[in-house]
Every structure is written in structure tokens, then in C-alpha cells.
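Enquirer: turn this into a structure:
(2 chains)
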Amino acid sequence: MGIVEAKNLVHEYITRDEEGNVEGIQVALDHLDLSVKPGQFIAVLGHNGSGKSTFAKHINALLTPTEGTLIVDGLDVSDENHVYDIRQRAGMVFQNPDNQIIASVVQEDVGFGPENLGVPTEQIWERVEQSLKSVGMWKYREHSPNKLSGGQKQRVAIAGVMAMEPKCIILDEPTAMLDPDGRKEVLHAVHKLNKEKGVTIILITHYMEEVVDADYVYVMDQGKVVMEGNPRGIFSQVDALQEHRLDVPQITALAHELKNSGLPIPDGILTRQELIEALAKIK
Amino acid sequence: MSFILDKVSHRYSQGTAYEITALDNVNLKINDGEFIGIIGHTGSGKSTLVQHLNGLLKATEGAIYYNGQDIYDKDYDLRDLRTQVGMVFQYPEHQLFEETVFADVCFGPKNQGLPEKDCTLRAFEALRSVGLPEKYYYASPFELSGGQKRRAAIAGVLAMKPAVLILDEPTAGLDPKGRDEILDLIAETHAHYGNTVILVSHSMEDVAKYVDRIIVMNQGSVMLDGAPRDVFHHYKELEEIGLAAPQVTYLMHEMREAGMDVSTEPTTVDEAKDAILRMLGRK
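Expert: Here you go, the predicted model:
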């Protein structure tokens, strides 16, 4: 049994007029099937409006299915009694760091989650220390969050989720508003949590470079999974990805172009090293 | 020539304990019809710099000349400057406010004092140039998807036909296709009208692909200024200030280190492809 199991998941946004009559129905998730194993690093790709964020919001019960089921760590998100358990087990990090930090001191912000869970005070401080250390922000514990860079704020937000000791973290475009350095910091922190603490990661992103190191990739379009596989398999299909309004990492795009120009280069080149090796063989 | 910045400095909260030097003695010349990219990590002074160009911020020291006129002269009409220098802020769709997309796009030209009929024509032209489907013209801006809202917001600035168009991170949060579409549209309007375009961006790949000149900001000063290939030649210095070169530039340098006789100049996929094909004698 996976930690996140979606079966025939449907979500419809229904708009109503002033009298409450249905004006329009928009299908955001259309019989989505997806399964994430514990400890995996999953990437979810898809264009704006493909249903990625709607799906993400189901995983910690911010939204509930219109039809179908979603089981998170053995709990059905449709069951209201499970809402708080689910939110503890599946933590969420959003795009804008400024919208998720509430306290005026870093360590208090990180302590807010466990405090809400009713964790005894001493343990709260232990958790705060551990989580801030795990994202490399311990030395900023007494700083004011609004003096931090975007990448640092996002790492504080991730530490805040970590302090609740979730089994799974969902990150919805966590790097969209960051500069290249900030992006690197956040990705590094997330990979470290995955490797060292075994936290399941579900990363939603528009940056193809961030997907290269994932264990498994899902591509969504019109509320469905339209492609899935490991990064190499996915990025071998340059044309199919472009049909879904996506692209491939720049090195993969170059390799694809070179192949189209008649060079014997294999599909699905992901790194500079791989491309150099392939080119060295040609001479 | 359109802009001359002469020893421009900007200090926030000048004279207080919180004084921050956001711009430090910047000297720049921006010529008519240039397509310029400004890069720099968060807090490097990029946004502060561009906000001086349409008079939203006033330099605490130094002078700015637009078409030979001192914009800080007491007889200079800043309103006039703002109609000529159009600014698209980050997440411009947050500023949509009218009841219909069309009315929103008309707002700018109307404020410029143009007659109703001209406003209408301008709005049609701008909406067509951003490629927004006609069925959305009279929809509420809030019914559009993220990418469409972004287009509508950019159309609102294009409708004013600014001689200088400044865009602060216009593609943040868009999917790859949406990103390419917005940048292509900016490049097309630039080619068509020959207007000056200044693009503030975190994406080195985008900047390399579109602009003719890159200005690198660091700690409030201009660190590098030149053609993409010249600027990205300094990739090691860029890394030290939290930036990077496009992936293909790294590839070319690594190929050279691996003993291949290839140019290290390319900064885009097309340039890299040509250089590699030339190296292999296929071109």
C-alpha cells in the first residue's frame, strides 16, 4: 500500500449564481489514478490549469474528492474525522514564502506547528532544533523572517512542516519566486530530507531541471495522468512533453536537436557529463 | 539615446539606523531600441533600478536624463515620463481590477487622455498582439487562467504604446509553454515597434535567448554589462554572486576541458548545436 493512493479521483469546481443554481462545472481532476510509495521522491509536472495544485490540496485534505478515493497513509481524506491526522502526516509548502510565515522570530514560526499539535514544550524545542538544522537554518533561529532571502524563507517554511514530523511533504512550486541560488538551496534541503529522514516528497514544479533527480515523474494534463516514468524515460519524449505545454532540461533539448541533425546520440540525455560522453564516442 | 543615469545612488531610510544602500553610484546609458536583460540575485538592486526609470523612486544622489531632459528638473512632467515608460510588475495579474478584460486594457490609454475611440482601437490591438482569444475580451479578468490573466495585464501596458517597456519577472509561475509564449510576444513587439525593452529576470536561459545586452547587478552596482556571450564568459564570477550561466555554456566549457576543440561562446541551445556540429565537421 502506497503512502498516497489516488483511485478514480474526481474533483469538480462548481460555480453557482446568486440563487444557488449551478452556473458551471469545471472538472479539475478527471479520474486520476496515482500511487506513491513511502520514501519516494516524486515530481509532478503539468501546465498551468492541468490540475496539479488541485491534486496537491487533496493530499492534506484542503479539498475533498467529488468522486473516487484518496488514501493518505491509510486514511481516507473524505472522512472528516481524519482531517487533522492527515494534515499532520502530509505537510504542505506553497509557492509564496511570505504567505506561510506567521511568527516574528524564525524558531517560533517553526514551533507553531508542533505547538498546535499539543506536543509538550520540551519536545517542541527539540523538534525546532532538529528541523532547522536539517534545512541548514539553525543559525538564523533568532532572526526575523522578513529579513531573510526568499530561499531562506522557503527553508524556514519547510522546517515548519518538518517540525510536525510528517511522513510526506508536498511542495507546490516552492521555487517559482526564487533566484537561482534560492532554488538550489531549497532543492538541496528537500533532497536531504528525503535521503536522510526518509520523508516522502511530492514536488510540483515548472522547472524541468528540478525533476532530473526525482525517482519517478507524473505528467498531468486535463486532470489526468498522461505520462509517467523515471526522469530519463519522460525526458526522452521531447515532442510528447511539448504537446502538454512542457519542455525538457536545456541539455536534453540540445541532445535532441543534435540527434535530429543526424548525430548518433541516445534519447533521454539528462546531464552535461552524459552528453560529453556521447559526443566523445562520435569522434 | 533614451536614458542616461549619472552617478545614481538610492538609499532607503536615509539618515536613520536602518539606512540601506540599494543603488550605489550607478552609471548607465540605455539606447533607443535596445533589448536589455537585467540579472542579479534577490536584493541586488534590480527592481530598485528599474523603478527609477519611470520615476516611481527618486534617486537620493545623482541625475537621470530621459531623451536629454533631466527628469528631476522641477519643470519636468513625470506624468509624461510614465506614459512613455511602461512598467509590468511581478505578478501583474494581481492588479487587474475592471469588470471586463477589455475595460481593464482601456484603462491605461484612457488615463493618457486619449479619446474613447482611440482607446478602443489600442485595446483591440494590444489584446490581439498578446494572443488572448476573443471570447475572453468581455469576460471578467477573474475568470481567466493564470497565463491568460498575465497576458491581459501585459496588454494593459502595451495599449499605452510605451517607448520603453520594463518587465519585472514577467514569466514567474508560468508553465514552460506559457513562459515561451510571453517572451516570444515581447520579442515580437520589440521587433515590430522597435521599442526599448528592459527585462528583469532570474532565468539565465531566457535572458541568453532573447536579449542583446545583459546588465548584471550586484550589491547595488553594475558588475558586468555586455553581450550575453561576454557576460556569461565570466560564469565563475557570476556564481560567486549567486547567479549562473546557462547550462549549455557550462557544457561548452566542460567539453573544452575534456580536450574537445569547441568554442566556449554559445549561450543558447541553437548556438551550442551549431558549435558542436562545426566541431564535428558536419557544418
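
Enquirer: show me what from chain B comes close to chain A.
Expert: With the criterion set to CB under 8 Å from any CB of the partner chain, chain B comes near chain A through B:41-43, B:145-147, B:172-180, B:202, B:204-205, B:242-244, B:246-248, B:250-251, B:254-255, B:258, B:260, B:269-270, B:272-273, B:276-277, B:280, B:282. Using the backbone N, CA and C atoms, a C-beta is placed for each residue, glycine as well.

Enquirer: all helices for the stretch 1-150 of chain A, in order.
Expert: Using DSSP state H, counting those that start in this stretch, the helices of the stretch 1-150 of chain A run over A:52-59, A:83-89, A:106-116, A:121-134, A:150-162.

Enquirer: drop anything exposed from the residues of chain B next to chain A.
Expert: B:41-43, B:146-147, B:172-180, B:202, B:204-205, B:242-244, B:246-248, B:250-251, B:255, B:260, B:269, B:272-273, B:276-277, B:280 (16 or more other CB atoms under 10 Å in any protein chain shown).

Enquirer: among those residues, which lie within helices?
Expert: Those of those mapping onto helices are B:146-147, B:176-180, B:204-205, B:247-248, B:250-251, B:255, B:269, B:272-273, B:276-277, per DSSP state H.

Enquirer: ok, back up a step: turn the helices of the stretch 1-150 of chain A into TSV, including mean pLDDT and mean neighbour count.
Expert: Formatted as TSV, the helices of the stretch 1-150 of chain A follow (pLDDT from 0 to 100; neighbours: other CB atoms under 10 Å in any protein chain shown):
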stretch	mean pLDDT	mean neighbour count
helix A:52-59	93	24
helix A:83-89	91	18
helix A:106-116	92	22
helix A:121-134	92	17
helix A:150-162	89	27
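
Enquirer: using a markdown table, lay out those together with distance to residue B:264.
Expert: Shown next, in a markdown table, are the helices of the stretch 1-150 of chain A (distance: least, CB to CB, whole Å):
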| stretch | distance to residue B:264 |
| --- | --- |
| helix A:52-59 | 38 |
| helix A:83-89 | 49 |
| helix A:106-116 | 42 |
| helix A:121-134 | 39 |
| helix A:150-162 | 29 |
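
Enquirer: out of the ones you listed, which comes closest to chain B?
Expert: The closest of the helices of the stretch 1-150 of chain A to chain B is helix A:150-162. By CB to the nearest CB, the value is 5.5 Å.

Enquirer: what lines up beside the next helix or strand after that closest one in the sheet?
Expert: Following helix A:150-162 in sequence order, the next helix or strand is strand A:168-172 (DSSP states H and E). In the sheet, strand A:168-172 lines up against strand A:90-93 (parallel), strand A:200-204 (parallel) (DSSP bridges).

Enquirer: mean pLDDT and mean neighbour count added to those strands, as a markdown table?
Expert: Shown next, in a markdown table, are the strands paired with strand A:168-172 (pLDDT from 0 to 100; neighbours: other CB under 10 Å):
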| stretch | mean pLDDT | mean neighbour count |
| --- | --- | --- |
| strand A:90-93 | 92 | 24 |
| strand A:200-204 | 96 | 24 |
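
Enquirer: all helices for the stretch 1-150 of chain B, in order.
Expert: B:46-53, B:78-84, B:101-111, B:116-129, B:146-158.

Enquirer: in JSON lines: the ones you listed, plus mean pLDDT.
Expert: JSON lines is the format used below for the helices of the stretch 1-150 of chain B (pLDDT from 0 to 100):
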{"stretch": "helix B:46-53", "mean pLDDT": "93"}
{"stretch": "helix B:78-84", "mean pLDDT": "89"}
{"stretch": "helix B:101-111", "mean pLDDT": "94"}
{"stretch": "helix B:116-129", "mean pLDDT": "94"}
{"stretch": "helix B:146-158", "mean pLDDT": "89"}
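
Enquirer: and stretch B:11-18, what's buried?
Expert: Applying 16+ other CB under 10 Å to stretch B:11-18 flags residue B:11 as buried.

Enquirer: residues making contact with it?
Expert: Under the contact criterion CB atoms under 8 Å, 6 or more residues apart in numbering or on different chains, stretch B:11-18 has outside partners B:19-22, B:60.

Enquirer: could you tell me which of the residues you listed belong to strands?
Expert: Taking DSSP state E as the definition of strands, those contribute B:20-22.

Enquirer: give me the neighbour count for residue B:210.
Expert: Residue B:210 has 20 neighbouring residues, counting by other CB atoms under 10 Å in any protein chain shown.

Enquirer: got a pLDDT number for it?
Expert: With respect to pLDDT, residue B:210 scores 95.
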